[in-house]
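Visitor: model this:
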Amino acid sequence: ILLIFFVVLSLVVITIYKKLLDLSNGLLNKILNIVVYTLLFATLCVPPAYYILRNVQKFSFYFFGIANQIERIAVAFHDSYENQKCYGVYIDDNINFLNAKESISVPSDSLDCIVIIGESYARHHSNLYGYKYNTCPLEKQMVDNGNLFVFKDAISCDNATQGAFMKIFNFYGSSSKLLLPTVFKKCGFNCRNYDNEFLVSNSYDIWYDNTIISKAIYNYRNKKCFDFDEDLLKEFKVMKSRQNFYFIHLVGQHFPYNRHFPKSFNKFQKRDYSDRYGEYSQQQLADYDNCTLYNDFIINSIISKFKNRNAIAFYLSDHGEELYEYRNFNGHGNTIHDKKGLVQVEIPFTVWTSSKYKKKHPEIIRRLSKSINKRFISNMFANTVLDAVGIKCNKSNSKFSVINDNFDNSKHRITAYEYDYDKK
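Guide: Numbering: from 1, shown residues only. The predicted model follows:
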């Protein structure tokens, strides 16, 4: 409307200008020229400028946040380069481990171990961590029933997926590139992978989607990704074998948030949030919380399949998400300059145990209950999982398990960009 108004006004003025031009002297010509050119400039510039100012949040991601985006691209290239440097080592270390005669302590009873990795989950948007909105009602019931243990001080070792995946599944304290799923495979577990972000390929961006490693480790991997995680779960099967390892990587709360939850979970509305940074940020926050609510439903759907089995499930996110806490920005992956930026690595970490597992392993339950307030960083995840299920191998070290009684809780956690999270 504004554009049409300026165009019509310009045409009227130009018409009048042409008629006056013949009647005017030199000075009047100059004045008329200034008026006309000013009006033409306004026609071209004012409407889009007005629209941008009225919708500044929509354009901030592209214009005002361009430095952040360039930085994130640079980080992605760096992580990809680091992966490529040790790509062959990943393949060699894992294939050699599978073929070697290793001394491994394996649990004798039936067991289902489920590892669920979320995406871009900011723990401060979960009511399990004191958030004002009830975004995790089903998981809260698990806590109340005594089956879910919520670790209150958990962070990621990186604020981007590739960087995190390079460390989460390795064994902290070991120079080997041995991966957590490889150990389960070596122990005879039926290993299955359900991923809603990475599919098997021949790329060199990340070890996780490598064809050689995937074929060696997993009995099954899905071949399609979906907008909604519940569609991935339609392919999920609980196996009848005695010992099973399930690796599930969800799309979770990854941007764009509004693409990853169905309309039936559109509970939170933009009016529920502060307009400090405008309507766009309000909508992003609403969409993010709806994603979190949907993620709660997905986690419950997975765990419900194992309620009557001897099962333990671990959930953590690859990294967190910044959501307008202190500046006009949402996302992750850029340089952490100070403590404010640490929201990008603050993640949820939870452990669920079935009632049957609790009865069989009271000592593990005691250690879980005792450890929920300890400092946890995700590069200790692999050691923690093996410690919880009772697997021991020469590449793992239980002293780097957060649930171990000998865990050093005074140790400072070094996260993305070598930032000391615990530095005062």
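Visitor: for residue 323, see how far away the spatially closest residue to residue 230 that is not a sequence neighbour is.
Guide: Residue nearest to residue 230 in three dimensions, not counting chain neighbours: residue 298, with 6.3 Å by CB to CB, 6 or more residues apart in numbering. For every residue, glycine as well, the C-beta is placed using N, CA and C. Noted for residue 298: a distance of 20 Å to residue 323, by CB to CB, to the nearest Å.
Visitor: returning to that earlier point: dump the residue contacts of the residue nearest to residue 230.
Guide: By CB atoms under 8 Å, 6 or more residues apart in numbering, the residues touching residue 298 are 229-230, 233, 250.
Visitor: before we move on, what about residue 306?
Guide: 112, 114, 238, 313, 354.
Visitor: what strand or helix carries residue 244?
Guide: Assigned by DSSP states H and E, residue 244 falls within strand 243-249.
Visitor: can you list the strands that that strand pairs with?
Guide: The strands beside strand 243-249 in its sheet (DSSP bridges) come out as strand 111-118 (parallel), strand 190-195 (parallel).
Visitor: picking up where we left off before, can you select the buried ones from the contacts of residue 306 in ChimeraX?
Guide: A single ChimeraX command selects the buried members of those (16 or more other CB atoms under 10 Å):
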select :112,114,313,354
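Visitor: hmm, which of the contacts of residue 306 is lowest in pLDDT?
Guide: Ranked by pLDDT, the contacts of residue 306 bottom out at residue 238 (95).
Visitor: which non-adjacent residue is nearest that one?
Guide: The shortest distance from residue 238 to any non-neighbouring residue, by CB to CB, 6+ apart, is to residue 305 (5.1 Å).
Visitor: what number of residues lie near the one you found?
Guide: When neighbours are counted by other CB atoms under 10 Å, residue 305 registers 17.
Visitor: gap between residue 360 and residue 109?
Guide: On the measure of CB to CB, residue 360 and residue 109 end up 7 Å apart.
Visitor: what's the answer for residue 218, then?
Guide: From residue 218 to residue 109 the distance is 23 Å (CB to CB).
Visitor: give me the next element, helix or strand, following the helix or strand encompassing the residue nearest to residue 230.
Guide: Using DSSP H and E, the element containing residue 298 is helix 279-304. Beyond helix 279-304 in the direction of the C-terminus, DSSP H and E gives the next helix or strand as strand 311-317.
Visitor: for the residue nearest to residue 406 when sequence neighbours are not counted, which residues are in contact?
Guide: Among residues not flanking residue 406 along the chain, residue 399 sits closest, at 5.1 Å (CB to CB, 6+ apart). For residue 399, the contacting residues are 173, 406-408, by CB under 8 Å, 6+ apart.
Visitor: make TSV out of these and add neighbour count and pLDDT.
Guide: Shown next, in TSV, are these (neighbours: other CB atoms under 10 Å; pLDDT from 0 to 100):
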residue	neighbour count	pLDDT
173	13	87
406	8	93
407	22	95
408	10	94
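Visitor: do a quick rundown of the strands in the protein.
Guide: Ranges of strands within the chain are 111-118, 148-151, 153-155, 190-195, 220-221, 243-249, 311-317, 322-323, 330-331, 349-353, 375-377, based on DSSP state E.
Visitor: can you list the weak-confidence ranges in the stretch 51-200 of the chain?
Guide: Flagging of the stretch 51-200 of the chain using pLDDT under 70 yields the residue ranges 51-85.
Visitor: ok, now with 50
Guide: 53-54, 56-64 (pLDDT under 50).
Visitor: on that earlier part again, okay, and which of the contacts of residue 298 map to helices?
Guide: 229-230, 233 (DSSP state H).
Visitor: circling back to that earlier point, could you dump the strands paired with strand 243-249 into JSON lines with distance to residue 125 added?
Guide: Below are the strands paired with strand 243-249 laid out as JSON lines (distance: least, CB to CB, whole Å):
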{"stretch": "strand 111-118", "distance to residue 125": "12"}
{"stretch": "strand 190-195", "distance to residue 125": "23"}
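Visitor: hey, which of those is tucked in deepest?
Guide: Among these, ranked by average contacts under mean count of other CB atoms under 10 Å, first place goes to strand 111-118 (a mean of 23).
Visitor: by how many degrees do that one and strand 349-353 diverge?
Guide: Here the directions of strand 111-118 and strand 349-353 differ by 150 degrees (axes from the mean of the first three to the mean of the last three CA atoms, to 10 degrees).
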